[in-house]
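>>> coords please:
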Amino acid sequence: MRRVTGVIAFVVMSAMVFGACSDLGSDDDATSADDRDDTVEIAGEQDDHADDDSAVTEDEADDAIDIGVVLSLSGPNAAYGDPSSRGIELALSDFDAGHAPDNVTFSASFLDDEGDAGLGAERFLEHIESDAHVILGPTLSNTAFEAHPVAQEHGVPVLAISNTAAGITDTGEYIFRVSLAEDGVVPQTVEVISGAWQPETAALIYSEDDAWSRSSADAFRDAVEGHDIDIITEQDIPSAGGDFSEQIEAVADADPDVILLSALEHPSIAFVTQARENGLEQEIACGNGCNTGTFVAETGAASDGLVVGSAWHIDVENEQSAEFVERYRELHGQDPDQFSAQAYAGMQILAAAAEQADGTTAEELRDALASLSSVETVLGPFSFDVERDGSHPAVVKIVRGDDFAIFGK
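Numbers count the residues shown, from 1 in each chain. Sure thing, here's the model as predicted:
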């Protein structure tokens with residue numbers, strides 16, 4: 001278990017607002033999940049005046065919030081979990097530097113669910129038994145559907161920082177979603193490609209064995225209806241990956257105008273690479289599974305021109321976002337991606353709730369999260385709707401060369 005602690009002194013920063021109010025570059029320099037020692041203690045940087053009498057020490061802090069983090073830090077889905085963990089670590093470092101409520105200490109313990117739903121539920125229970133006040137995670141929607149009920153049953157609030165499947169917050173009143181749902185982003189993606197490519201027919205590719213993939217596919221089915229695009233073939237690609245020549249042949253026989261891809265990173269990499277190798281030349285629009293730098297790096301030229309809807313991009317015009325990118329590069333030596341930004345925003349939202357909460361119990365934090373109206377974050381102005389789903393501006397991206405760019409810019 002990695003544990004990160006931060007001692008907080010309140011500093012008003014014009015470019016960083018935590019109070020409640022009215023893609024990924026190369027990972028070559030990153031530490032892989034397999035290299036991590038779960039027993040390592042990581043401490044954030046301390047304020048320059050930590051030794052002054054006026055500084056707040058950990059013992060003097062009025063309140064302490066223990067955060068349990070459950071992410072996929074090993075296996076194929078670490079492509080999502082690793083950047084999320086780095087976003088949280090940066091937030092804790094920033095908290096140490098004074099970007100948080102007065103007299104509040106935040107600590108975070110990280111547990112790896114290995115992308116396994118059953119293990120994810122066990123990890124949630126471990127945090128709950130360790131008296132965590134709030135839990136961030138898990139990485140995958142499949143895992144969330146098993147893990148979130150554990151937190152709901154024990155009355156511990158959850159911030160879902162990367163789950164985009166439909167129905168995530170249906171588990172109960174303790175579940176809050178930071179990440180944008182697929183049914184909120186996919187329609188924007190379809191609207192963009194409909195105007196730019198004017199397709200009349202489509203092939204839908206998804207993984208029947210994955211809850212998120214099924215949800216994303218449903219979002220694509222619903223979205224194309226409003227743009228007179230007919231899905232003329234649907235193909236199932238198992239989330240474990242493999243040889244997709246049969247599915248690719250079926251798509252070739254159907255000859256659609258466009259391919260809609262709703263699968264996690266690993267099978268998406270395999271499908272896109274094999275599709276191009278086998279002569280499929282159609283434009284491809286992808287769900288959230290393609291939103292990683294490793295997807296672009298692994299697919300290379302095969303993904304050039306691919307379009308994907310996203311919660312964030314490194315070039316969005318947002319002052320907080322620009323400063324976040326700069327500090328992320330300084331701390332981690334690489335560019336952040338959407339998952340890093342969502343995780344960082346989750347910590348901003350938690351800090352905003354802590355600032356107005358009556359205390360730091362799980363119930364008091366839940367009530368504060370539910371009462372937030374609007375919070376300025378790296379994702380832009382953020383709020384929860386009545387179903388506790390996150391709402392903020394989305395962005396449609398396109399792969400150009402070896403990186404993502406904002407579509408149309």
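
>>> pLDDT score assigned to V104?
pLDDT recorded at V104 is 84.

>>> ok, it to I128 distance?
Here the criterion is C-beta to C-beta, to the nearest Å. By it, V104 lies 21 Å from I128. Glycine gets a C-beta too; all of them are placed from N, C-alpha and C.

>>> for N77, same thing?
The value you get for N77 to I128, if C-beta to C-beta is used, is 23 Å.

>>> who has more neighbours, V104 and I128?
V104 (23 against 18; other C-beta atoms under 10 Å).

>>> so that one sits right up against A352, yeah?
No. Judged on C-beta atoms under 8 Å, V104 makes no contact with A352 at a distance of 11.5 Å.

>>> Could you list the low-confidence segments of the stretch 151-300 of the chain?
For the stretch 151-300 of the chain, no stretch is flagged by pLDDT under 70.

>>> Now do the helices in it.
Ranges of helices in the stretch 151-300 of the chain, per DSSP state H, counting those that start in this stretch, are 182-197, 211-225, 245-254, 265-277, 293-299.

>>> Need those helices in CSV (columns: mean neighbour count and distance to I135).
Formatted as CSV, the helices of the stretch 151-300 of the chain follow (neighbours: other C-beta atoms under 10 Å; distance: least, C-beta to C-beta, whole Å):
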stretch, mean neighbour count, distance to I135
helix 182-197, 20, 22
helix 211-225, 23, 19
helix 245-254, 16, 37
helix 265-277, 22, 24
helix 293-299, 21, 26
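
>>> wait, which of those helices is closest to E364?
Nearest of these to E364, taken as C-beta to C-beta: helix 182-197 at 29.0 Å.

>>> which other helices and strands contact that closest one?
In this structure, helix 182-197 makes packing contacts with helix 211-225, strand 258-262, strand 283-286, strand 307-310, strand 395-400, judged by 3 or more C-beta pairs under 8 Å, 6 or more residues apart in numbering; DSSP states H and E.

>>> Pipe the ones you listed into JSON lines and attach distance to H148 per row.
As requested, those are exported to JSON lines (distance: least, C-beta to C-beta, whole Å):
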{"stretch": "helix 211-225", "distance to H148": "12"}
{"stretch": "strand 258-262", "distance to H148": "22"}
{"stretch": "strand 283-286", "distance to H148": "26"}
{"stretch": "strand 307-310", "distance to H148": "23"}
{"stretch": "strand 395-400", "distance to H148": "27"}
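
>>> closest one to T233 among the ones you listed?
Between these, strand 258-262 lies closest to T233; by C-beta to C-beta that is 9.8 Å.

>>> Export only the CA atoms of the closest one, formatted as PDB.
Taking Å, rounded to 0.1, in the frame of the first residue of the first chain, the C-alpha atoms of strand 258-262 are listed here in PDB:
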ATOM      1  CA  VAL A 258     -17.700   4.700 -40.800                       C
ATOM      2  CA  ILE A 259     -16.600   2.400 -37.900                       C
ATOM      3  CA  LEU A 260     -17.800   3.100 -34.400                       C
ATOM      4  CA  LEU A 261     -15.500   1.500 -31.800                       C
ATOM      5  CA  SER A 262     -16.700   1.000 -28.200                       C
END
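
>>> for that strand, packing partners?
Using 3+ C-beta pairs under 8 Å, 6+ apart, strand 258-262 sits against helix 182-197, strand 201-206, helix 211-225, helix 265-277, strand 283-286.

>>> Export these as JSON lines, with columns for distance to L159.
Converted to JSON lines, the helices and strands packed on strand 258-262 look like this (distance: least, C-beta to C-beta, whole Å):
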{"stretch": "helix 182-197", "distance to L159": "17"}
{"stretch": "strand 201-206", "distance to L159": "27"}
{"stretch": "helix 211-225", "distance to L159": "18"}
{"stretch": "helix 265-277", "distance to L159": "22"}
{"stretch": "strand 283-286", "distance to L159": "25"}
